[in-house]
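Fold the following, please.
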Amino acid sequence: MVVLALIFVSFDYPFSQALFMASLFLPALLCLRLMLPQVSFENRWVGLRDSAFIVVATIILTILLLLVANIDTSYYATNYAPTIFTNPIFISLLLIAVALPQIWLERWLAQRAKQNPQAIEFISDRRRVSLMMDDITYVESNDSEVWIRTTSGESYRTKTTITQWSSILDNGNFIRIHRAYLVNSRFVNDINSTSLQIANTELPISRKYRNDVHHILSAIAE
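This next block holds a predicted model:
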């Protein structure tokens, strides 16, 4: 928002008005942030089409928000400013300039995380445990308890939810396959339409995650 606000300040907006205008771009930026990384380019043309649809939708959303906000024209420094701020090309450039660097940075950090093993610290049964990510085979949620299964065969009980673990173990290797299971793809031995085998244990794949699991594991295998 600060970056966008500074751009609007350069058009002689008061900073408070510029900050308000920047906030109108947040829904579109959130859509780009969440949806663009999900686009698959296995089929280049389908990927480009889906990306174009997302970008066009976010541009329309931003223009509508700017129009609905009905900003007082007395804040504009020149006569051409209103046209610029409803120009789809100008808005798309702003959105891309803010959203893409963040997406690229997160991908770069994810690649760095894969290359540099990381230690995870957590509390299990009132004692502090430190584990390397690569030593965790899968995470299992069992009612109010969550179990961390490891390559050594040891298990650690925690109160941290599996959804929180999904964020903590976000290094590109861990896949959610079920509301109760988060697995390390490096240890998947076999997979079929309804389950997979990891560390000699068969775990179910729920219908909700089935397509994503098969797509991700197929891409890793290639």
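
Please state the mean pLDDT value computed over the strand or helix carrying Leu93.
Assigned by DSSP states H and E, Leu93 belongs to helix 88-115. What helix 88-115 shows for mean pLDDT is 74.

Just the buried residues of the next helix or strand after that helix, please?
Heading C-terminal from helix 88-115, the first helix or strand you meet, by DSSP H and E, is strand 119-124. Residues Phe122, Ser124 are the ones in strand 119-124 that count as buried (16 or more other CB atoms under 10 Å). C-betas here are computed from N, CA, C, even on glycine.

tell me the centre residue of this protein?
Centroid check for the chain by CA atoms, centre = their mean gives Leu34 as the closest residue, at 5.3 Å.

That residue: what secondary structure?
helix (DSSP: H, G, I helix; E, B strand; the rest coil).

What helices and strands are in contact with the helix holding Leu93?
helix 2-9, helix 26-35, helix 44-69 (3 or more CB pairs under 8 Å, 6 or more residues apart in numbering; DSSP states H and E).

can you list the ones you listed in JSON lines and add mean pLDDT and distance to Ser218?
As requested, the helices and strands packed on helix 88-115 are exported to JSON lines (pLDDT from 0 to 100; distance: least, CB to CB, whole Å):
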{"stretch": "helix 2-9", "mean pLDDT": "82", "distance to Ser218": "38"}
{"stretch": "helix 26-35", "mean pLDDT": "81", "distance to Ser218": "22"}
{"stretch": "helix 44-69", "mean pLDDT": "83", "distance to Ser218": "16"}
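
Columns distance to Glu145 on top of those, output as TSV?
Output for the helices and strands packed on helix 88-115, formatted as TSV (distance: least, CB to CB, whole Å):
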stretch	distance to Glu145
helix 2-9	42
helix 26-35	30
helix 44-69	39
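
about what we covered before: what angle do the helix holding Leu93 and helix 2-9 make?
160 degrees (axes from the mean of the first three to the mean of the last three CA atoms, to 10 degrees).

orientation of helix 88-115 relative to helix 26-35 in degrees?
40 degrees.

Check the offset of helix 88-115 from the chain's centre.
11 Å (CA atoms, centre = their mean, to the nearest Å).

In a helix, Ile177, correct?
No. Using three-state DSSP, the assignment for Ile177 is strand, not a helix.

For it, give its distance to Ser10.
To Ser10, Ile177 is 49 Å away according to CB to CB, to the nearest Å.

higher neighbour count, those two?
Taking neighbours as other CB atoms under 10 Å, Ile177 and Ser10 compare with Ile177 leading, 27 against 10.

how about the more buried one, what does it touch?
Val183, Leu196, Leu203, Pro204, Ile205, Ser206, Tyr209, Val213 (CB atoms under 8 Å, 6 or more residues apart in numbering).

likewise Pro37?
Per CB under 8 Å, 6+ apart, neighbours of Pro37: Ile103, Glu106, Arg107.
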